[in-house]
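Chemist: model the following, please.
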Amino acid sequence: MSHDGTVRNPLPSGMGRFNYQQYLGKPFSAYGNCLNFFIVVQKEEFNRDIPNTPGEISKYFEPTETGAEGDLLLMKNGHRLHVGIMVQDKYCLHNFENLGVILTPIKRLKEMGLIVTRYYKYSNGHI
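Modeler: Next up, the predicted model:
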């Protein structure tokens, strides 16, 4: 683990349901922001067509007490919102400014200035 709390070495092969490893290390600019990255991964890994507008995304995810693989993590960094994708129920895959796509243990997000405010599970657009 690096000094910024990110996991540089991916989880052991076969861990997790989706191929998160292919995204690790890509530059922030490859997706432009955390939301675009989230939308791409939802499509490529989970075959979910989610509109790229915050108001529409809320129609596809519903709040839950704990997250599961592929769920959305909503975080705050001061007054800014940030989103990530749950991996293995204890990691967050996210596109973070100045670091690019990283995998961070959820319990270490706070060290990066990120506070998890809510978990959201996919609801197939039926909210």
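Chemist: rounded mean pLDDT for the helix ranked longest in the chain, please.
Modeler: In the chain, with assignment by DSSP state H, the single longest helix is helix 34-46. The average pLDDT within helix 34-46 is 95.
Chemist: in that helix, what counts as buried?
Modeler: Residues of helix 34-46 classed as buried: 34, 35, 37, 38, 39, 40, 41, 42, 45 (neighbour count, 16 or more other Cβ atoms under 10 Å). Backbone N, C-alpha and C define where each C-beta goes, glycine included.
Chemist: adding distance to residue 56, write the residues you listed out as TSV.
Modeler: Putting the buried residues of helix 34-46 into TSV (distance: Cβ to Cβ, whole Å) gives the following:
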residue	distance to residue 56
34	16
35	11
37	17
38	13
39	10
40	16
41	17
42	13
45	20
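Chemist: which residues does the spatially most central residue of the chain contact?
Modeler: By Cα atoms, centre = their mean, the chain has its centre lying nearest to residue 84, at 1.8 Å. Contacts for residue 84 (Cβ atoms under 8 Å, 6 or more residues apart in numbering) come out as 34, 38, 72, 73, 75, 92, 93, 94, 104.
Chemist: residue 38 is in contact with the third one, correct?
Modeler: So the one you mean is residue 72. Yes - with contact taken as Cβ atoms under 8 Å, residue 72 and residue 38 are classed as touching, separated by 6.7 Å.
Chemist: got the contacts of residue 84 as TSV, with distance to residue 59 and secondary structure columns?
Modeler: Below are the contacts of residue 84 laid out as TSV (distance: Cβ to Cβ, whole Å; DSSP: H, G, I helix; E, B strand; the rest coil):
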residue	distance to residue 59	secondary structure
34	19	helix
38	15	helix
72	13	strand
73	18	strand
75	20	strand
92	23	strand
93	23	strand
94	22	strand
104	27	strand
